[in-house]
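# quick one, structure for this:
(one chain, ligands or ions: 3)
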Amino acid sequence: MAQAGAFQQLWSAIADIGRDTATGGYRRFAWTEPDLRMREWFTGECAARALDLIEDRMGNQWAWWGDPDTAASGGIVTGSHLDSVPDGGAFDGPLGVVSALAAIDQLRADGFQPRRPIGVVNFVDEEGARFGVSCIGSRVITGALNPDRARAMRDADGVTMAEAIRRAGRQPDHLGADPETLGRIGVFVELHIEQGRGLIDLGRAVAVGNRLWAHGRWRIEIPGEANHAGTTRLSDRRDAMIGCARAVLVTRAAAEAHGSLATVGKISIQPGGVNAVARSATAWLDARADGEQALRATVAQIEDEVASSGAVVTEESRTPQTAFDDALVTRLASLLDGAPVMSTGAGHDAGILSNAGARAAMIFVRNPTGVSHSPAEWAEPEDCLAGVAALTTVLADLSGSEP
Ligand code: GLV
Ligand code: MN
Ligand code: MN
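Ligands and ions are numbered 1, 2, ... in the order given. The predicted structure is shown next:
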């Protein structure tokens with residue numbers, strides 16, 4: 001099993017980066033200073049291990065042990081992301097990257113010589129917290145997201161992604177599909193904190209992920225008419241806030257009706273004055289379901305019901321139901337002592353790669369709180385080490401022989 005001290009050392013080096021002292025949550029948004037510090041940390045850890053670092057056309061960082069360009073069927077890649085949602089937990093993303101580095105350390109300490117190169121990736125902007133679309137790094141390099149659209153996306157301050165990338169000292173003109181990078185991936189196994197309560201009752205520290213639910217994000221724009229809060233008769237009002245409240249409630253009802261999950265986690269009200277009736281409201285819908293049909297039905301019901309407020313619904317991103325590579329899932333479960341196999345409603349770069357044709361699967365590490373996208377997200381130190389041990393076993397197996 002990996003050294004507890006070595007894991008802890010990697011973990012504590014990033015513990016304070018981008019952490020909000022009031023909430024204890026992380027705010028590591030793509031291309032902001034905390035994200036750049038995380039990238040810098042990653043660069044340093046890769047250099048310390050003599051891994052060759054390659055930044056692709058979107059700025060994802062790939063560190064290689066061995067030369068992926070001389071491997072006929074590509075390398076064995078692991079890793080995850082280092083950005084966060086607003087007030088995110090410590091584990092969502094970083095656990096996969098830290099575990100990857102720790103697994104490499106363990107393989108080397110064991111004297112293991114990989115027959116296929118091993119890569120560790122840090123995907124940029126997985127959460128989409130800054131520009132609104134998730135998994136930007138993997139979507140752009142796989143061609144799932146048009147680079148012109150990506151460059152033009154704006155953050156809450158109106159800064160375009162192109163400008164954010166430029167300010168980070170990079171060249172936004174380079175964004176685009178990157179078949180050369182994708183060609184280096186033979187297999188991708190992403191280790192991730194579990195984001196629900198699946199493992200709590202199973203008495204197991206790790207599971208294998210086999211499927212990601214269909215999911216997407218939609219923007220609901222609700223019109224209204226600005227007016228005085230103290231003088232406008234209720235009967236004369238066109239209050240966008242009422243339509244917004246209705247949108248939140250119909251979202252919940254639609255999820256209940258179709259056995260899906262649907263959330264409004266972000267709204268923007270204009271002009272946003274305490275003493276003014278709202279002129280307009282925007283609500284962002286996140287909807288997910290285990291199956292395309294349930295997702296479609298959920299969103300259709302919401303669209304129908306918000307139409308009565310004159311609202312317009314626009315799709316911002318959508319990721320189809322994703323089944324990971326069957327043979328790979330079976331192999332991982334058997335390597336990991338019959339680990340449970342489970343699906344998730346969370347989205348991951350592993351899903352985007354899989355939809356682009358890569359052989360991919362995931363490893364989940366037990367989360368005793370069952371909470372994620374919150375500072376309450378947690379994994380016990382011994383479970384983190386069990387995750388590293390699992391990843392070490394998997395990397396050794398996949399890189400030691402042709403799967
Ligand atoms: C990413 O964590 C997502 O599922 O939104
Ligand atoms: Mn997340
Ligand atoms: Mn994640």
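# so residue 178 sits against residue 141, correct?
Yes: if you go by C-beta atoms under 8 Å, residue 178 and residue 141 touch, sitting 4.1 Å apart. Heads up, the C-betas are built off the backbone N, CA and C, glycines and all.
# give me the common contacts of these two.
Residues touching both residue 178 and residue 141 (C-beta atoms under 8 Å, 6 or more residues apart in numbering): 56-58.
# counting neighbours, which of those residues comes out on top?
Neighbour counts for the shared contacts of residue 178 and residue 141 peak at residue 58, which has 27 neighbours (criterion: other C-beta atoms under 10 Å).
# tell me the contacts of the closest residue to that one other than its chain neighbours?
Leaving out its chain neighbours, the residue that sits closest to residue 58 by C-beta to C-beta, 6 or more residues apart in numbering is residue 140, at 4.3 Å. Residue 140 is in contact with 57-58, 147, 150, 175-178, counting by C-beta under 8 Å, 6+ apart.
# can you tell me the element residue 140 falls in?
Applying DSSP states H and E as the criterion places residue 140 in helix 136-142.
# picking that back up, which of the shared contacts of residue 178 and residue 141 sits closest to ligand 1?
Nearest to ligand 1 among the shared contacts of residue 178 and residue 141 is residue 58, at 17.4 Å by C-beta to the nearest ligand atom.
# for the closest one, give me its contacts.
Going by C-beta under 8 Å, 6+ apart, residue 58 touches 124, 136-137, 140-141, 175-176, 178.
# please apply the same query to residue 112.
By C-beta under 8 Å, 6+ apart, the contact list for residue 112 reads 396, 400.
# does ligand 1 have contacts with stretch 322-332?
No: Stretch 322-332 is not in contact with ligand 1 by C-beta under 6 Å from any ligand atom; minimum separation 11.9 Å.
# chain center to that stretch, what's the gap?
Averaging C-alpha positions (C-alpha atoms, centre = their mean, to the nearest Å) puts stretch 322-332 20 Å from its chain's average.
# what residues sit buried inside it?
Neighbour-count burial for stretch 322-332, counted by 16 or more other C-beta atoms under 10 Å, picks out 322, 324-325, 328-329, 331-332.
# picking up where we left off before, ok, now how distant is the residue nearest to residue 58 from residue 356?
The gap separating residue 140 from residue 356 is 11 Å, by C-beta to C-beta, to the nearest Å.
# same question for residue 146.
From residue 146 across to residue 356, the span is 15 Å (C-beta to C-beta).
# which one's more surrounded, these two?
The neighbour count for residue 146 versus residue 356, taken as other C-beta under 10 Å, is higher for residue 356 (18 against 14).
# on that earlier part again, highest neighbour count among the contacts of residue 58?
Within these, most neighbours by other C-beta under 10 Å means residue 136, with 31 neighbours.
# what's the closest non-adjacent residue to it?
Among residues not flanking residue 136 along the chain, residue 125 sits closest, at 3.9 Å (C-beta to C-beta, 6+ apart).
# could you tell me the model confidence score at the one you found?
Looking at residue 125, its pLDDT is 98.
# now do residue 2
The confidence metric pLDDT takes the value 59 at residue 2.
# check contacts around the nearest residue to residue 42 once chain neighbours are set aside.
Nearest residue to residue 42, sequence neighbours excluded (C-beta to C-beta, 6+ apart): residue 122, at 5.0 Å. For residue 122, the contact set (C-beta under 8 Å, 6+ apart) comprises 38-39, 42, 60-61, 79-82, 97.
# and residue 41, how close does it get to ligand 3?
To ligand 3, residue 41 is 17 Å away according to C-beta to the ion, to the nearest Å.
# so that residue is in contact with residue 13, correct?
Yes: in this structure, residue 41 is within contact of residue 13 by C-beta under 8 Å, at 6.2 Å.
# give me the more crowded residue out of those two.
Neighbour comparison, residue 41 and residue 13: the larger count goes to residue 41, with 18 against 13 (by other C-beta under 10 Å).
# check for me that the more buried one belongs to a helix.
Yes: remark: residue 41 belongs to a helix, assigned using DSSP: H, G, I helix; E, B strand; the rest coil.
# nearest residue to it in space, please, no chain neighbours.
Sequence neighbours aside, residue 14 is the residue nearest to residue 41 in space, at 5.7 Å (criterion: C-beta to C-beta, 6+ apart).
# residues in contact with that neighbour?
Counting by C-beta under 8 Å, 6+ apart, residue 14 touches 38, 41, 82, 94, 98.
# sorry, back to before: need phi/psi at the residue nearest to residue 136.
The phi/psi pair for residue 125 (degrees, to the nearest 10) reads phi 50, psi 50.
# would you agree it is in contact with residue 131?
Yes: counting by C-beta under 8 Å, residue 131 is a contact partner of residue 125 at 7.0 Å.
# so these two - more neighbours on which side?
Set residue 125 next to residue 131 and count neighbours by other C-beta under 10 Å: residue 125 wins out with 29 against 22.
# any idea how far the more buried one is from residue 60?
In this view, residue 125 and residue 60 are 9 Å apart by C-beta to C-beta.
# overlap in contacts, these two.
Common neighbours of residue 125 and residue 60 are listed as residue 137 (criterion: C-beta under 8 Å, 6+ apart).
# low-confidence ranges, this structure, go.
Low-confidence segments of the chain (pLDDT under 70): 1-2, 401-403.
# can you list the residues of it near ligand 3?
Neighbours of ligand 3 within the chain, by C-beta under 5 Å from the ion: 92-93.
# other SSEs contacting whichever helix or strand residue 329 is part of?
Element membership for residue 329 (DSSP H and E) is helix 326-335. Here helix 326-335 touches strand 185-193, strand 206-212, strand 359-365, helix 381-400, going by 3 or more C-beta pairs under 8 Å, 6 or more residues apart in numbering; DSSP states H and E.
# need the contacts of residue 14 in a markdown table (columns: distance to ligand 1 and secondary structure).
Shown next, in a markdown table, are the contacts of residue 14 (distance: C-beta to the nearest ligand atom, whole Å; DSSP: H, G, I helix; E, B strand; the rest coil):
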| residue | distance to ligand 1 | secondary structure |
| --- | --- | --- |
| 38 | 16 | helix |
| 41 | 21 | helix |
| 82 | 13 | coil |
| 94 | 13 | helix |
| 98 | 17 | helix |
